[in-house]
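> Turn this into a model:
(4 chains)
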Number of protein chains: 2
Amino acid sequence: MGIMADPKEKLSRAAFLAQAPIFADLSENELSFLVNRALSKRYRSGELVFAEGDPCSGMYIVESGFVKIFKTSASGREQVLAIDGPGHSVAELPVFDGGKYPASGVAVQDTVLLFVSKQDFQALCLEHPQVALKVLRVVGRRLRGLVAIIEELSFTTVRHRLASLLLRLARAGRHSPGGVEFELAASNQEIASQIGTVRELVSRNLSRLQAAGIIRMTGRTITVPEIGALEAEVEAQE
Amino acid sequence: MGIMADPKEKLSRAAFLAQAPIFADLSENELSFLVNRALSKRYRSGELVFAEGDPCSGMYIVESGFVKIFKTSASGREQVLAIDGPGHSVAELPVFDGGKYPASGVAVQDTVLLFVSKQDFQALCLEHPQVALKVLRVVGRRLRGLVAIIEELSFTTVRHRLASLLLRLARAGRHSPGGVEFELAASNQEIASQIGTVRELVSRNLSRLQAAGIIRMTGRTITVPEIGALEAEVEAQE
DNA sequence: TGTGACCCGTGACTAAAGTCATCGGATTCC
DNA sequence: GGAATCCGATGACTTTAGTCACGGGTCACA
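Residues are numbered from 1 along each chain as shown, chains lettered A, B, ... in the order given. Now for the predicted structure:
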């Protein structure tokens, strides 16, 4: 997806925006208002999009790729807050309360983002109140996500959180003779920062789950012979 | 604050709403639109306002008293997400995304809440886009609060979280010959659910902080001889 | 004045989380 | 073909968190 000719690019972008949850069912000219102002920006895998504490200049919409939102501790530990893919908006909130970014954002793959400035976005919301309601809906989901993280951190063990992550991955996995199967795309380090722990504990708990017969690992391929067993593991006192 | 005569009550309520962050600088008739539709409801201390999982019928604004928003685990542990006082809105978000309440709300003292139904509030936002932006600003603060909780849970120890809570209380405390002084209004149980642990650990860590000379306890009165020491304790690797 | 209902504090213990160090396999880059 | 690098696994250990059981204080109410 290189740099395309202008008119063609605009057309495809309008079509893209039209299906982003935050801009769904905007009219033609509302969309073109946006397209004319949005800046497309490419990021390489691992590149920082914004850093915690930066003043917030606008919001982003993921066109392709993924953005990981995370906090870093003084000792270097990371805690992932969200990973947003195509169609999702990123950093909608700091746009409105005028504060700094509360966390950092980094591209997880090669990623293309549309940037909408604070001013343009606020203007859009004022002119089209429907957009503001959409934003609120999207933000609602984000808030639920954060509450879910708090719940897991406060109430459950590393093992439980890992099982829960595996279950989510398994549900998106492929069926095979031995059961449901999927690749662990992320490193243990990465997984650790998603579930709020350190890489060693991810490794150990993967082994424990394997020893318990709940999963099987061959390299980075995980097989879940019986989803029911994994579900039970997750369900067990949470 | 009993049940007042209608006109007088409406007047004072309009004045009250006018200074709530979420409704600041609405016009006269926008306010009266609200006042005519808002329902005032009283809750005794400890009374449930809404429960996690309930379908969301509207939002609340705290007129007096406090509402605690919290999650409960299967094993009975609680995790406090927020405590909202006069002027604050409660449950703004589920109004927009149509989902259930993600957590429960309970009155912490005798409390008066104004209830605004989902329909009325959405209508207000559509007619007065400024209100929607205000809501977004308020929601932004809420999000920052949740992120801060995640950060503390993921990166810090019980001792640190307790020290951090004490520091916040101390800053609102009174000066006295022996240093800054304040009452621990909440029980250890209550404190535990605010910082994500159990009552025994609160008790033990209070003792530890006292042993370290950072605080002094006489009954439920805490004296901080030197705020600097408490700040240092909080600052120490977070 | 007894008797619950709470709440605090603590000792003794178990379990979970985290740290440190080490080994080995895989990949990449001269 | 090394050398460097990255990543995973794991043993040994320390620290922190959490559980259980109990004793003792306060308060309110019969």
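
> okay, how far is it across stretch A:97-112, tip to tip?
Taking C-alpha to C-alpha, to the nearest Å, stretch A:97-112 runs 26 Å from one end to the other.

> could you measure the closest residue to residue A:97 other than its chain neighbours against residue A:96, distance?
The shortest distance from residue A:97 to any non-neighbouring residue, by C-beta to C-beta, 6 or more residues apart in numbering or on different chains, is to residue B:140 (3.1 Å). Every residue, glycine included, has its C-beta placed from N, CA and C. Distance, residue B:140 to residue A:96, by C-beta to C-beta, to the nearest Å: 5 Å.

> For these two, work out which one has more neighbours and name it.
A direct count of neighbours by other C-beta atoms under 10 Å in any protein chain shown for residue B:140 and residue A:96 places residue A:96 higher, at 26 against 21.

> And that one, which helix or strand is it part of?
Applying DSSP states H and E as the criterion places residue A:96 in helix A:94-97.

> Next: residue A:233.
Going by DSSP H and E, residue A:233 is part of helix A:227-235.

> roughly how far is that helix from the heart of the chain?
Offset of helix A:227-235 from its chain centre (C-alpha atoms, centre = their mean, to the nearest Å): 24 Å.

> Does it reach chain B?
No - Helix A:227-235 is not in contact with chain B by C-beta under 8 Å from any C-beta of the partner chain; minimum separation 9.7 Å.

> Just checking the distance from the helix ranked longest in chain A to the centre of its chain.
The helix spanning the most residues in chain A, taking DSSP state H as the definition, is helix A:129-155. On the basis of C-alpha atoms, centre = their mean, helix A:129-155 sits 12 Å off its chain's mean C-alpha point.

> How about the residues of chain A by DNA strand D?
Applying C-beta under 7 Å from any atom of the strand, we find that chain A lies next to DNA strand D at A:187-189, A:199-200, A:202-204, A:206-207, A:217.

> Which member of these is positioned nearest DNA strand C?
Ranked by distance to DNA strand C (C-beta to the nearest atom of the strand), these are led by residue A:200 at 4.0 Å.

> Can you list phi and psi of that closest one for me?
Dihedral angles of residue A:200 (phi, psi; degrees, to the nearest 10) stand at phi -60, psi -40.

> Now stretch A:113-124: buried residues?
A:113-116, A:118, A:120-122, A:124 (16 or more other C-beta atoms under 10 Å in any protein chain shown).

> Now do the same for residue A:75: helix, strand or coil?
coil (DSSP: H, G, I helix; E, B strand; the rest coil).

> pLDDT score assigned to it?
Listed pLDDT for residue A:75 reads 90.

> do residue A:14 as well
Confidence score, pLDDT, at residue A:14: 86.

> Check which helices and strands the helix holding residue A:96 is in contact with.
helix A:118-127, helix B:129-155 (3 or more C-beta pairs under 8 Å, 6 or more residues apart in numbering or on different chains; DSSP states H and E).

> Kindly provide the distance from the spatially most central residue of chain A to DNA strand C.
For chain A, the residue nearest the mean C-alpha position is residue A:83 (1.5 Å; C-alpha atoms, centre = their mean). To DNA strand C, residue A:83 is 20 Å away according to C-beta to the nearest atom of the strand, to the nearest Å.

> Which residue, neighbours along the chain excluded, lies closest to that residue?
residue A:68 (5.0 Å).

> List the contacts of the one you found.
Residues in contact with residue A:68, defined by C-beta atoms under 8 Å, 6 or more residues apart in numbering or on different chains, are A:80, A:82-83, A:105-108.

> Lowest-confidence one in those residues?
residue A:108 (91).

> Quick one: the helices in chain A, in order.
A:6-18, A:28-37, A:94-97, A:118-127, A:129-155, A:158-171, A:188-195, A:199-211, A:227-235.

> still on that earlier bit, return the set of residues that bridge with the residue nearest to residue A:83.
residue A:83, residue A:106 (DSSP bridges).

> got it, and the one 4 residues further on?
Each beta-bridge partner of residue A:72 is listed here, defined by DSSP bridges: residue A:78.

> how is chain A carved up into domains?
A:2-154, A:156-237 (automatic domain parsing).

> hey, least reliable of those by pLDDT?
Minimum mean pLDDT among the domains of chain A: domain A:2-154, a mean of 89.

> For residue A:54, grab the count of nearby residues.
So residue A:54, with other C-beta under 10 Å, has 15 neighbours.

> Which residue comes closest to it once chain neighbours are left out?
residue A:101 (5.1 Å).

> how close does that neighbour get to residue A:81?
11 Å.

> higher neighbour count, these two?
residue A:81 (23 against 19).

> Apart from its chain neighbours, what residue comes closest to the more buried one?
Nearest non-adjacent residue to residue A:81 (C-beta to C-beta, 6+ apart): residue A:69, at 4.6 Å.

> returning to that earlier point: so the longest helix of chain A versus helix B:188-195, what angle?
120 degrees (axes from the mean of the first three to the mean of the last three C-alpha atoms, to 10 degrees).

> Ranking by neighbours, what's the top pick from the residues of chain A next to DNA strand D?
residue A:202 (25 neighbours).

> Tell me which residues touch the residue lying closest to that one once chain neighbours are set aside, please.
Closest residue to residue A:202 apart from its sequence neighbours, by C-beta to C-beta, 6+ apart: residue A:188 at 4.3 Å. Residues near residue A:188 by C-beta under 8 Å, 6+ apart: A:199, A:202-203, A:206.

> Now those residues in TSV, please, with extra columns for distance to DNA strand C.
As requested, the contacts of residue A:188 are exported to TSV (distance: C-beta to the nearest atom of the strand, whole Å):
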residue	distance to DNA strand C
A:199	8
A:202	9
A:203	9
A:206	13
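
> how far away is the residue nearest to residue A:81 from DNA strand D?
20 Å.

> Surely that residue touches residue A:80?
Yes - if you go by C-beta atoms under 8 Å, residue A:69 and residue A:80 touch, sitting 7.1 Å apart.
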